[in-house]
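quick one: sequence plus predicted model below, questions after.
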Amino acid sequence: MTTVTTLVPDDLTLLAGADADDLVRAAIGTDQAPADLAVEVDAVHHRPGIGVSAVYSVGYRTQGHTVREHFVASTATVPDAPSVAVLDNGAHQVRVWRRPDDPALPGLRAALDPVEVSRWLRDLDAGVAGEASGVRVQLLGYRPTRRAVIRAENGVTSASAFLKVLPPNRSARLIRRHQVLDDAGVPAPRVLGEPVPGVVVLAAMTGVPLAEAIAGASERPSDLPDPQELVTWLDGLPETVLSLPKRASWVDRIDFHAEAARAAQPASASLITELERGVHAILASRSAPDTVPTHGDFYEANVFTTRGRVCGAIDLDSLGPGAREDDLATMLGHLSVLPTLAPTRYPHVAELTEAWFASFARRVDPAVLAARAAAVVLSLVAGTNVELGRARLEVAGRWLARAQDERGSA
């Protein structure tokens with residue numbers, strides 16, 4: 001792709017609006033773009049002070065069949081690359097690329113190639129690779145310029161491994177975090193290798209995600225861990241975790257997340273500001289928490305269980321020193337929004353959230369716990385649609401009200 005001049009919307013959030021078609025057409029080249037090009041917004045990522053990125057699902061007909069691929073448009077500054085089109089109107093720049101060609105994730109295209117991945121897995125003796133045609137790859141998650149997670153599965157045996165694709169200068173930090181837990185005997189995905197810079201291959205985790213145990217708790221209550229089991233697992237993190245770099249928690253970056261939420265929900269800007277100030281007020285009135293080893297992103301998708309016991313955790317990017325209150329608040333915050341995501345799958349979660357809050361509050365200050373849960377939920381507002389974002393703001397408001405009540409009763 002080459003640099004071209006086109007009209008870029010003054011309001012950068014319009015990357016997700018009607019101009020999306022024009023951005024993708026301009027990136028492909030007006031003369032080369034198919035006439036029947038259809039562009040749908042898949043996701044929008046807003047990072048205050050950095051930029052807005054939109055992921056598009058793009059479809060068109062060619063040679064009698066439909067082709068579907070994904071493009072990304074971003075106002076963020078990204079590394080120069082031949083695969084990136086720069087759309088410039090003199091005042092603003094938007095960079096557009098096909099998703100596999102993310103300029104900050106140079107290993108992504110190869111990590112999505114089943115033949116290449118099969119070769120990597122054979123070389124690493126990962127116990128997954130068979131014939132190249134028998135390895136399936138599935139993109140599980142993608143954050144433009146930041147990371148991608150891919151499952152590689154043997155189509156015959158169903159054995160799987162996971163590939164985490166990062167900017168190459170960040171992979172050593174991730175590997176170090178996994179090694180810290182491995183050295184201490186704490187179950188976590190084993191690092192199988194880094195076949196190319198920025199692609200870390202991880203073994204599959206045993207057990208099932210806590211989310212599955214939560215969803216099935218009514219029918220299989222014995223599969224759901226006691227909340228104190230979660231606390232015990234966190235308490236078992238080794239002291240060597242304290243030597244890792246500290247990552248800012250959701251509450252540490254509440255200004256960032258509040259700004260993103262205001263951009264995504266402008267009609268609720270005053271409410272978001274009240275939430276932000278309310279959380280600050282609660283925390284300013286309480287003692288600072290102790291620094292302990294923390295997971296950093298401790299919620300139901302990242303915790304694995306078996307027969308009602310915690311058997312490990314994944315997604316160790318934020319493992320390091322922090323506050324126990326933040327790990328517990330992260331669990332509660334994510335738990336409390338599950339009914340807004342799938343009410344029929346999680347009809348019992350409101351009661352479960354209450355029970356887990358009461359259990360965790362025996363360990364930490366309940367006012368601080370609720371305030372930090374409000375901050376966690378606020379951080380989830382910008383990454384969804386308007387309707388779901390409003391529902392999450394209501395949940396965050398309830399957490400803040402709980403924090404204020406707990407402070408008043410103390």
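Good, I have the coordinates. Numbers count the residues shown, from 1 in each chain.

what helices or strands is the helix or strand hosting residue 391 leaning on?
Counting by DSSP states H and E, the element that carries residue 391 is helix 386-409. Where contact means 3 or more C-beta pairs under 8 Å, 6 or more residues apart in numbering; DSSP states H and E, helix 386-409 is packed against helix 254-264, helix 269-284, helix 324-341, helix 366-379. Quick note: C-beta positions are derived from backbone N, CA and C, even for glycine.

list the buried residues for it?
389-393, 395-397, 399-400, 402-404, 406-407 (16 or more other C-beta atoms under 10 Å).

then stretch 50-62?
51-56, 58, 60.

format the residues you listed as TSV; extra columns: secondary structure, distance to residue 80 and pLDDT.
Supplementary listing: the buried residues of stretch 50-62 in TSV, determined by DSSP: H, G, I helix; E, B strand; the rest coil; distance: C-beta to C-beta, whole Å; pLDDT from 0 to 100:
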residue	secondary structure	distance to residue 80	pLDDT
51	strand	16	85
52	strand	20	87
53	strand	17	91
54	strand	20	91
55	strand	21	94
56	strand	22	94
58	strand	23	93
60	strand	27	86
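
out of these, which is nearest to residue 98?
Closest approach between these and residue 98, by C-beta to C-beta: residue 58, at 8.9 Å.

distance of that closest one from residue 32?
13 Å (C-beta to C-beta, to the nearest Å).

show me the domain layout of this protein.
According to automatic domain parsing, the chain comprises the domains 4-99, 108-203, 208-409.

these: lowest mean pLDDT?
Mean pLDDT is lowest for domain 4-99 out of those, coming in at a mean of 81.

can you give me how far that domain is from the chain middle?
22 Å (C-alpha atoms, centre = their mean, to the nearest Å).

circling back to that earlier point, just want the angle from the helix holding residue 391 to helix 254-264.
On the basis of axes from the mean of the first three to the mean of the last three C-alpha atoms, to 10 degrees, helix 386-409 is oriented at 140 degrees to helix 254-264.

could I have helix 386-409 exported to PDB, CA atoms only?
Output of helix 386-409 as PDB, limited to C-alpha atoms (Å, rounded to 0.1, in the frame of the first residue of the first chain):
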ATOM      1  CA  VAL A 386     -23.800   2.200  23.300                       C
ATOM      2  CA  GLU A 387     -26.600   0.100  24.800                       C
ATOM      3  CA  LEU A 388     -24.300  -2.300  26.600                       C
ATOM      4  CA  GLY A 389     -22.100   0.600  27.700                       C
ATOM      5  CA  ARG A 390     -25.000   2.200  29.400                       C
ATOM      6  CA  ALA A 391     -25.900  -1.000  31.200                       C
ATOM      7  CA  ARG A 392     -22.300  -1.200  32.500                       C
ATOM      8  CA  LEU A 393     -22.500   2.400  33.700                       C
ATOM      9  CA  GLU A 394     -25.500   1.400  35.800                       C
ATOM     10  CA  VAL A 395     -23.500  -1.500  37.200                       C
ATOM     11  CA  ALA A 396     -20.600   0.800  38.000                       C
ATOM     12  CA  GLY A 397     -23.000   3.200  39.700                       C
ATOM     13  CA  ARG A 398     -24.300   0.500  41.900                       C
ATOM     14  CA  TRP A 399     -20.800  -0.500  43.000                       C
ATOM     15  CA  LEU A 400     -20.000   3.100  43.900                       C
ATOM     16  CA  ALA A 401     -23.300   3.400  45.900                       C
ATOM     17  CA  ARG A 402     -22.200   0.200  47.700                       C
ATOM     18  CA  ALA A 403     -18.800   1.700  48.500                       C
ATOM     19  CA  GLN A 404     -20.400   4.900  49.800                       C
ATOM     20  CA  ASP A 405     -22.800   2.800  52.000                       C
ATOM     21  CA  GLU A 406     -19.900   0.700  53.300                       C
ATOM     22  CA  ARG A 407     -17.900   3.800  54.100                       C
ATOM     23  CA  GLY A 408     -20.800   5.300  56.000                       C
ATOM     24  CA  SER A 409     -21.400   2.200  58.100                       C
END
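
thank you kindly, that will do.
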